[in-house]
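# Make a model of this:
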Amino acid sequence: MQVSIIIVNYNVKYFLEQCLCAVKKAIGQLEAEVIVIDNNSTDDSIAYLQPKFPFVQFIYNEENVGFAKANNQALPYCNGDYILYLNPDTIIPEDCLLKCMDFFDKTPDCGALGIKMIDGSGTFLPESKRGFPSPLASFFKLTGLSDVFPRSRLFNQYSLGYLDPFTNHQVDVLAGAFILAKSTIIKEIKGFDEAFFMYGEDIDLSYRIQQLGYNNYYFADSTILHFKGESTKRGSLNYVKMFYSAMSIFVLKHYTGTKASIFSLFIHLAIFFRASISLAKMIVFKIGLPLLDAVIIYGCLWKVKNEWIKWVRDGVPFALDNFPWMFFSFALIFLITGALSGMYDNPDKPSKTFVSSLSGILVMVTVYGLLPADLWFSRAVMIVGGLVAGITISIFRWVLIRFNWIDKSDEAYKFQQTAVVGSLDEYQQVVKIYKKAGLEERLLGRIKVNENEEKSIGDVSQLKELLSRLNIKEVIFCEGYQTNYLNIQLVQTLPKHISYRFIGEHTKSIVGSDSKATVGETLAAEGFYRINEPYQKRMKRVVDVLFACYLLVTLPVQLIIVKNRLGLVRNIGTIMFNQATWVGYTMQEIALPKLKKNRLTCYGLPLNTVHPLNKEALHHLNIQYAKNYDFWFDVQILLKNYKQLGG
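Numbering: from 1, shown residues only. Have a look, this model is predicted:
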């Protein structure tokens with residue numbers, strides 16, 4: 001046996017499907033075995049993948065034991081001369097393993113090697129080659145200075161930014177996404193240290209390989225796709241915490257005395273620095289932006305009122321004397337309505353912000369009209385003030401965008417034009433998946449890879465020109481007629497602002513990721529679910545909370561109407577604290593988008609009630625609920641089954 005491949009999976013079945021499809025091609029000329037350890041995934045990974053890949057040995061854990069321990073579980077089953085640790089969100093080219101093992105044969109001191117990695121946009125991933133995380137290197141990484149000076153020998157010691165990514169190098173640390181090592185070495189050091197749950201285990205493994213007298217190498221003669229980069233958003237405080245935890249374990253294990261104290265000091269300083277930045281950003285974007293908008297709305301209403309008095313009423317003030325409280329209330333109404341209409345879904349779109357603000361104006365003026373007559377002052381002031389506020393907020397957004405305080409979103413890509421690079425049969429497979437997702441209208445056409453085929457919008461050699469001329473925003477690369485190797489080489493030469501997706505031969509899912517900081521995107525023949533859309537998620541929660549508040553305020557009356565009184569009180573509490581949702585599936589559905597535990601089913605009966613339909617019919621009912629979800633459906637269910645709310 002030449003090579004044993006170990007892959008740890010956790011809720012990424014579509015990425016793993018593409019990974020295994022690529023692995024199958026890469027081991028075609030080798031004696032190899034593939035072992036997948038599933039860390040208690042809830043997306044039905046094993047049931048979905050096992051029939052598709054009978055050559056793979058699947059091991060299922062009943063709990064998430066972490067990356068290191070899961071990898072070690074596979075070691076007793078490994079019979080290969082080499083062991084490859086591979087992430088499930090990767091695609092390797094067909095000649096990858098052969099080239100890597102040839103490098104081993106020519107490099108006697110090589111104990112393990114990593115590989116050149118690119119993300120889903122074709123951008124080189126700096127974590128492909130890393131230096132040893134000294135106190136100074138870790139400090140520069142965590143504070144972000146390594147990103148500011150990516151090619152500096154001083155500031156980017158961690159990612160070795162000063163080394164040519166197209167040349168093989170001896171390095172200290174390999175990335176856990178792809179580590180190929182001699183089996184004898186891995187078994188001698190007993191695999192990963194299970195004290196590491198996530199992050200740091202690859203650093204520790206690399207360090208222990210060097211302690212045995214071997215060298216680690218960065219191999220640039222082959223390139224793999226690693227969609228999710230470092231999996232967690234690297235700028236997030238959560239990532240910093242996990243990295244800190246891993247470094248702390250590493251320090252306690254390999255350092256003593258003064259060195260350990262210095263290392264710990266640098267890490268703590270970096271954590272404090274990054275936490276401060278994260279907190280500041282959170283205040284600005286989670287709290288500060290709506291707060292600033294509220295100030296703008298209030299100020300605009302007040303300014304328009306004063307100018308109206310000056311120019312229209314000839315200096316005669318309104319009789320009303322409680323403008324501060326009234327304008328504060330109207331600003332709040334404006335803000336909440338605008339937010340529910342999507343004002344904060346795409347802050348990088350000033351025009352959408354203005355359109356959303358119009359709904360705020362409409363509701364604000366409507367509420368004004370419902371007030372007692374003695375509280376009226378001028379409907380025109382409200383309308384003009386609201387319009388001025390909407391325009392001012394939109395201009396403010398534009399300024400923030402110009403100064404890069406607001407990142408670009410991908411909202412426009414929901415309506416993007418998509419081209420498919422592949423054969424006619426491969427194109428038809430993509431069409432089927434897009435039909436299932438209700439996105440067929442986005443498909444612009446096929447870019448042929450076989451000169452003998454017709455019915456295309458162009459040839460793959462014209463791809464760059466087609467992207468520009470046809471305003472294509474998304475490209476799907478099919479593997480089959482064209483190899484993974486060619487697709488990976490091609491994506492590195494194309495513009496980075498295009499979304500690139502990949503589908504393997506005879507697979508039923510399309511995967512991709514626009515950068516190393518995103519969690520990855522998938523589209524599958526299993527379907528597209530509206531209940532996953534951010535707007536629908538938000539509105540479902542709004543319906544839950546508003547209905548719970550209504551029941552709470554009118555509780556004495558509800559205790560007479562609703563059957564189970566104690567159940568009603570309990571349900572109101574769990575809904576308010578986001579522990580449950582009013583409406584959900586008829587039964588547990590692993591393969592569908594996850595929901596909080598529900599009180600009523602989409603059938604209309606309380607959960608755990610015996611339904612008149614059989615299990616298969618209920619499953620299809622759940623699919624329809626998730627696929628065509630609209631929050632008004634929840635409202636209808638709640639109103640029709642009012643007496644069952646205590647269930």
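# longest strand of the chain?
strand 215-226 (DSSP state E).
# Low-confidence ranges, the stretch 201-350 of the chain, go.
229-248, 252, 254-257, 259, 267, 270-271, 274-275, 277-287, 345-346, 348 (pLDDT under 70).
# For it, just list every one of the helices.
201-211, 237-254, 257-282, 289-311, 323-340, 350-370 (DSSP state H, counting those that start in this stretch).
# ranking those helices by burial, who's on top?
helix 201-211 (a mean of 21; mean count of other C-beta atoms under 10 Å). In this view, the C-beta of every residue, glycine as well, is placed from N, C-alpha and C.
# doesn't residue 151 fall inside a helix?
No: with DSSP: H, G, I helix; E, B strand; the rest coil as the criterion, residue 151 is located in coil rather than a helix.
# Can I get the helices of the stretch 201-350 of the chain in TSV including distance to residue 623?
Compiled in TSV, the helices of the stretch 201-350 of the chain are given as follows (distance: least, C-beta to C-beta, whole Å):
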stretch	distance to residue 623
helix 201-211	39
helix 237-254	33
helix 257-282	37
helix 289-311	36
helix 323-340	28
helix 350-370	31
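# Out of these, which is closest to residue 612?
helix 323-340 (36.9 Å; C-beta to C-beta).
# what angle separates the closest one from helix 289-311?
130 degrees (axes from the mean of the first three to the mean of the last three C-alpha atoms, to 10 degrees).
# Only alpha carbons, please: show helix 323-340 as CSV.
The C-alpha trace of helix 323-340 is given here as CSV (Å, rounded to 0.1, in the frame of the first residue of the first chain):
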residue,chain,number,x,y,z
PHE,A,323,-41.0,68.0,19.9
PRO,A,324,-38.0,66.3,21.5
TRP,A,325,-39.9,63.2,22.7
MET,A,326,-42.1,63.1,19.5
PHE,A,327,-39.1,63.3,17.2
PHE,A,328,-37.3,60.7,19.2
SER,A,329,-40.3,58.3,18.8
PHE,A,330,-40.6,59.0,15.1
ALA,A,331,-36.8,58.5,14.6
LEU,A,332,-37.2,55.1,16.4
ILE,A,333,-40.2,54.1,14.2
PHE,A,334,-38.3,55.2,11.1
LEU,A,335,-35.2,53.2,12.1
ILE,A,336,-37.0,49.9,13.0
THR,A,337,-39.2,50.0,9.9
GLY,A,338,-36.2,50.7,7.7
ALA,A,339,-34.2,47.9,9.4
LEU,A,340,-37.0,45.3,8.8
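# Report the distance from that helix to the chain centre.
Remark: helix 323-340 is offset 33 Å from the chain centroid, using C-alpha atoms, centre = their mean, to the nearest Å.
# One more: stretch 202-210?
Per C-alpha atoms, centre = their mean, the centroid offset for stretch 202-210 relative to its chain is 29 Å.
# can you list contacts of it?
The contact list for stretch 202-210 (C-beta atoms under 8 Å, 6 or more residues apart in numbering) reads 111-112, 130, 132-133, 172-176, 179, 181, 185, 189, 191-193, 196, 216, 246, 249-250, 253-254.
# among those residues, which are in strands?
Per DSSP E, the contacts of stretch 202-210 map to strands at 111-112, 179, 181, 216.
# Quickly name whichever of those is closest to residue 387.
Once C-beta to C-beta is applied, the member of those that ends up nearest residue 387 is residue 179, at 59.8 Å.
# Please list only the buried members of the contacts of stretch 202-210.
Neighbour-count burial (16 or more other C-beta atoms under 10 Å) is assigned, among the contacts of stretch 202-210, to 111-112, 130, 133, 172-176, 179, 181, 185, 189, 191-193, 196, 216, 246, 249-250, 253.
# So the closest residue to residue 221 other than its chain neighbours: helix, strand or coil?
Nearest in space to residue 221, with sequence neighbours left out and distances taken as C-beta to C-beta, 6 or more residues apart in numbering, is residue 99 at 5.7 Å. Under three-state DSSP, residue 99 falls in the helix class.
# surely residue 99 meets residue 222?
Yes: using C-beta atoms under 8 Å, residue 99 is in contact with residue 222, at 4.8 Å.
# Would you mind telling me which of the two has more residues around it?
residue 222 (19 against 13; other C-beta atoms under 10 Å).
# Number of residues surrounding the closest residue to residue 565 other than its chain neighbours?
Spatial nearest neighbour of residue 565, excluding adjacent residues (C-beta to C-beta, 6+ apart): residue 559 at 5.0 Å. Neighbourhood size, residue 559 [other C-beta under 10 Å]: 14.
# Could you say which helix or strand holds residue 559?
Secondary structure from DSSP states H and E places residue 559 in helix 555-561.
# Now do the buried residues in the following helix or strand past that helix.
The helix or strand immediately downstream of helix 555-561 is helix 565-576, counting by DSSP H and E. Of the residues in helix 565-576, 567-569, 571-572, 575 count as buried by neighbour count, 16+ other C-beta under 10 Å.
# I'd like those written out as JSON lines, with pLDDT and distance to residue 157 added.
Output for the buried residues of helix 565-576, formatted as JSON lines (pLDDT from 0 to 100; distance: C-beta to C-beta, whole Å):
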{"residue": "567", "pLDDT": "84", "distance to residue 157": "60"}
{"residue": "568", "pLDDT": "85", "distance to residue 157": "61"}
{"residue": "569", "pLDDT": "86", "distance to residue 157": "59"}
{"residue": "571", "pLDDT": "87", "distance to residue 157": "56"}
{"residue": "572", "pLDDT": "88", "distance to residue 157": "55"}
{"residue": "575", "pLDDT": "87", "distance to residue 157": "51"}
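# related to what we said a few turns ago, what's the closest of the helices of the stretch 201-350 of the chain to residue 547?
Per C-beta to C-beta, nearest to residue 547 of those: helix 323-340, 15.3 Å.
# Tell me how far the longest strand of the chain lies from the chain's centre.
For strand 215-226 - counting by C-alpha atoms, centre = their mean - the centre lies 26 Å from the chain centre.
# Partner strands of it, with direction?
strand 90-91 (antiparallel), strand 110-118 (parallel), strand 169-171 (antiparallel) (DSSP bridges).
# Could you give me the buried positions within that strand?
Result for strand 215-226 [16+ other C-beta under 10 Å]: buried residues 215-220, 222-226.
# And stretch 58-66, by the same measure?
Buried, per 16+ other C-beta under 10 Å, within stretch 58-66: 59, 61, 64-66.
# now what about that stretch, what contacts it?
10, 35-40, 46, 49-50, 70, 73-74, 77, 194, 196-198.
# Span of that stretch from start to end?
For stretch 58-66, the separation between the terminal residues is 17 Å (C-alpha to C-alpha, to the nearest Å).
# and what of stretch 514-522?
Stretch 514-522: ends 12 Å apart by C-alpha to C-alpha.
# Let's test this: mean pLDDT of that stretch, rounded?
For stretch 514-522, the mean per-residue pLDDT is 56.
# likewise stretch 84-98?
Confidence for stretch 84-98, expressed as mean pLDDT, is 96.
# and that stretch, C-alpha only, in PDB?
This file holds the C-alpha atoms of stretch 84-98, laid out as PDB (Å, rounded to 0.1, in the frame of the first residue of the first chain):
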ATOM      1  CA  LEU A  84      -1.900  12.200   3.900                       C
ATOM      2  CA  TYR A  85      -3.900  14.400   6.200                       C
ATOM      3  CA  LEU A  86      -6.400  16.200   4.000                       C
ATOM      4  CA  ASN A  87      -9.200  18.700   4.700                       C
ATOM      5  CA  PRO A  88     -12.600  17.900   3.300                       C
ATOM      6  CA  ASP A  89     -12.900  21.400   1.700                       C
ATOM      7  CA  THR A  90     -10.100  20.800  -0.700                       C
ATOM      8  CA  ILE A  91      -9.700  19.700  -4.400                       C
ATOM      9  CA  ILE A  92      -6.500  18.100  -5.400                       C
ATOM     10  CA  PRO A  93      -5.300  17.700  -9.000                       C
ATOM     11  CA  GLU A  94      -4.900  14.300 -10.600                       C
ATOM     12  CA  ASP A  95      -1.000  14.300 -10.500                       C
ATOM     13  CA  CYS A  96      -0.700  15.800  -7.000                       C
ATOM     14  CA  LEU A  97       0.200  12.600  -5.100                       C
ATOM     15  CA  LEU A  98       2.500  11.200  -7.700                       C
END
